[in-house]
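Peer 1: Following is a predicted model, sequence given first.
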Amino acid sequence: MAIVPAHLRLPFPMPPPDSLVVRVLLTALVAFGPLSTDLYLPSLPALVGVFDTDIATVQLTLSVFLVGFAVSQLVYGPVSDRFGRRPALLGGIAIYLVASVACVFADSVGQLIVARFFQALGACCGPVVARAVVRDVFERDRAATVLAYMSMAMTLAPAVGPVLGGMLTQVFGWRANFVTLAVIAVAVLAATATLLRETNVHRDAEALRPSRLLTNYLRLFRDRGFGGHTLTAACTYSGIFAFISGSSFVLIERVGLSPAAYGLSFAVVVLGYTSGSFLAGRLTLRVGGHRMVRLGTAVSSVGGLVGAGLAWSGIVSVPAIVLPLFVFNLGAGLTLPNAMAGAVGPYPTMAGLASALLGFAQMGLAAVVGILVGHLHDGTSRPMMGAIAAVALGAAVLHRLLVTPPPARPPGTGGAPAR
């Protein structure tokens, strides 16, 4: 074991990786993605005028972020399997910090789009490596519970983000949002360096070799359970992103809300996800992850279909948009932690790679859905609500078709049989 020079040692011991303080840090790392999108949402309509462009071009600052977020996950996963979780995190957060500063000084929408792409290259280290750390430390059902509580706490970012972003935009202008993200990056970088010890005890010296990568990817692609859980999570997250990318234009421009009021409406929708994540954390160990995913996708489908029905009936109001999306997000909170644990849990020796492929599928599909919502924008809520209904149904169908229920648990093993 390498000996750390005395002048580089911390004046206090690092906390254990399953401690509350580390879980809070992991939550902050997972929140990099939603915070980077949600904080500046209230400023999107204003950016159309600031840069003298159109809605579809401004929405590229969201969709391009997701593309960069998706692609770079394929790098961070195997890098963290090869070199460890800490180096991958520290390098990624540093990239995020530099890109956030570049966003502050962007003078055109093109510069902002490029800076957002590089911001995504750094931000994606958070969820990829944080999920791998959870897999390193906890067994599958316990990991699902931890991920659920992390998701519940993480919703503070999208709940507070648009409210804070609306206030910052109104008082200081849109650049203040990226100044805030840069300050957060500095704080998280310092916390990661001082609080998170290395958790990867299965480092694979050949994880980055092309032949090994190909073999591992093929192994994952051939696993119906991994594919089913991954596609379920991807469809569910795509519904969330359809709301993220389209809601400010619908609620601010179509309904007439102020940026601050929009932030409050956004927070109500996020409360649905918080509630679902809380229930997932309380119920997963008793009910089983498989049943929780089926319940969650069913609830999301109901919310999506009701919302789409109201939109196509010409009913456009805050309740007609917010309430169905609250229900959709309630189901998403039940679904996502359990689908993620189901995808990553069976692969302890390549948790980073599995987490990366899961994240790639999530962000890649979400980017496509976001671009479609932007290009189909017609001044109504129909493109956004229609997309949410479609992916909600897709998640439910794909999980039922691809994921085989686990065998019933023997009596006395702590939990209901999963059928």
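Peer 2: Great, that's in hand.
Peer 1: Look up the closest residue to residue 245, ignoring the ones flanking it.
Peer 2: Distances taken as C-beta to C-beta, 6 or more residues apart in numbering put residue 370 closest to residue 245, at 4.1 Å, once the chain neighbours are dropped. Yep, even glycine has a C-beta here, placed from its N, CA and C like the rest.
Peer 1: try residue 212
Peer 2: Counting by C-beta to C-beta, 6+ apart, residue 206 is the residue found nearest to residue 212 once chain neighbours are left out, at 4.5 Å.
Peer 1: about what we covered before: does the residue nearest to residue 245 really touch residue 243, like I thought?
Peer 2: No - using C-beta atoms under 8 Å, residue 370 makes no contact with residue 243, being 10.1 Å away.
Peer 1: how about the residue nearest to residue 245, what does it touch?
Peer 2: Contacts here follow C-beta atoms under 8 Å, 6 or more residues apart in numbering; on that basis residue 370 touches 59, 62, 63, 66, 241, 242, 244, 245.
Peer 1: Over to the closest residue to the first one other than its chain neighbours. Which of the three states is it?
Peer 2: It stands for residue 59. Spatial nearest neighbour of residue 59, chain neighbours left out: residue 374 (3.8 Å); criterion: C-beta to C-beta, 6+ apart. Of the three states, residue 374 takes helix under DSSP: H, G, I helix; E, B strand; the rest coil.
Peer 1: Make residue 1 into 763 and carry on from there
Peer 2: With 763 as the first residue, the last one maps to residue 1136.
Peer 1: What count of nearby residues applies to residue 1136?
Peer 2: 22 (other C-beta atoms under 10 Å).
Peer 1: Could you check the pLDDT of it?
Peer 2: Predicted confidence (pLDDT) at residue 1136: the value is 78.
Peer 1: now swap in residue 1152 and tell me
Peer 2: The model's pLDDT for residue 1152 equals 96.
Peer 1: In three-state terms, how would it be classified?
Peer 2: The assignment at residue 1152 comes out as helix when based on three-state DSSP.
Peer 1: do the one 3 residues further on as well
Peer 2: Three-state secondary structure (criterion: three-state DSSP) places residue 1155 in helix.
Peer 1: Also residue 996?
Peer 2: helix.
Peer 1: Can you name the residues that contact it?
Peer 2: Residues in contact with residue 996 (C-beta under 8 Å, 6+ apart) are 1123, 1124, 1126, 1127, 1128.
Peer 1: Among these, find the lowest-pLDDT one for me.
Peer 2: Among the contacts of residue 996, pLDDT bottoms out at residue 1126, giving 80.
Peer 1: Counting neighbours, show which residues of the helix or strand where it lies come out buried.
Peer 2: Under the criterion of DSSP states H and E, residue 1126 resides in helix 1113-1137. Using 16 or more other C-beta atoms under 10 Å as the test for burial, helix 1113-1137 gives 1113-1136.
Peer 1: Sounds good, over and out.
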